[in-house]
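[1] pasting the sequence and the predicted model now:
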Amino acid sequence: MTNVELRKLERAKRRALWEIARFCPGDPKAADTLAILDELDAQERTGTPSTAEPLELKGVRDSVPVQHHNCGINIVLELTIPQPWRERFQQASIGSTRVVEGPYATDWDKFLSRWEAEMLHLQQHRAARHKPGTD
């Protein structure tokens, strides 16, 4: 998958995750957004070579080093964030304050925690979709 394709996919995923957050699992109004997320997941699986499996959340959390910046805060260097996580973080962080050398480490940690919560919420939507009386 090219960088442009990845950016487009992650931008669409970010918008859909923000949209589905408005709904409780099982809400029929979430069906269209859930279908979009399912399609985006399928695109990601087919666009990623099997030899380049993306790191899981814990692996990416452990692999990105934090550096102390001379302004007194901790940062992460974007180039140390493996794809597709770098693009996910960039899409979720548009407009965030940062230093030239990289984003704040607290923003990176907040993103990872929020991602985990979003994936749990999405999983609950998917599980509710298959329960009787929720379709």
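    On my side now, so go ahead.
[2] in this structure, which spans are helices?
    3-20, 31-47, 57-63, 85-92, 105-129 (DSSP state H).
[3] quick one, which of those helices is packed in tightest?
    Most buried of those by mean neighbour count (mean count of other CB atoms under 10 Å) is helix 85-92; its value is a mean of 20. Where C-beta positions appear, they are placed from N, C-alpha and C, glycine not excepted.
[4] hang on, the earlier thing: now the helices of the chain as CSV including mean pLDDT and distance to residue 69?
    Shown next, in CSV, are the helices of the chain (pLDDT from 0 to 100; distance: least, CB to CB, whole Å):
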stretch, mean pLDDT, distance to residue 69
helix 3-20, 95, 26
helix 31-47, 92, 33
helix 57-63, 91, 20
helix 85-92, 95, 17
helix 105-129, 95, 9
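[5] of all the ones you listed, which one is nearest residue 75?
    Of all the helices of the chain, helix 105-129 sits nearest to residue 75, with 5.7 Å by CB to CB.
[6] elements contacting the closest one?
    Contacts defined by 3 or more CB pairs under 8 Å, 6 or more residues apart in numbering; DSSP states H and E place helix 105-129 against helix 3-20, helix 31-47, helix 57-63, strand 74-75, helix 85-92.
[7] for residue 70, find the nearest of the helices of the chain.
    With CB to CB as the measure, helix 105-129 is the member of the helices of the chain nearest residue 70 (14.3 Å).
[8] nice, that's everything, thank you.
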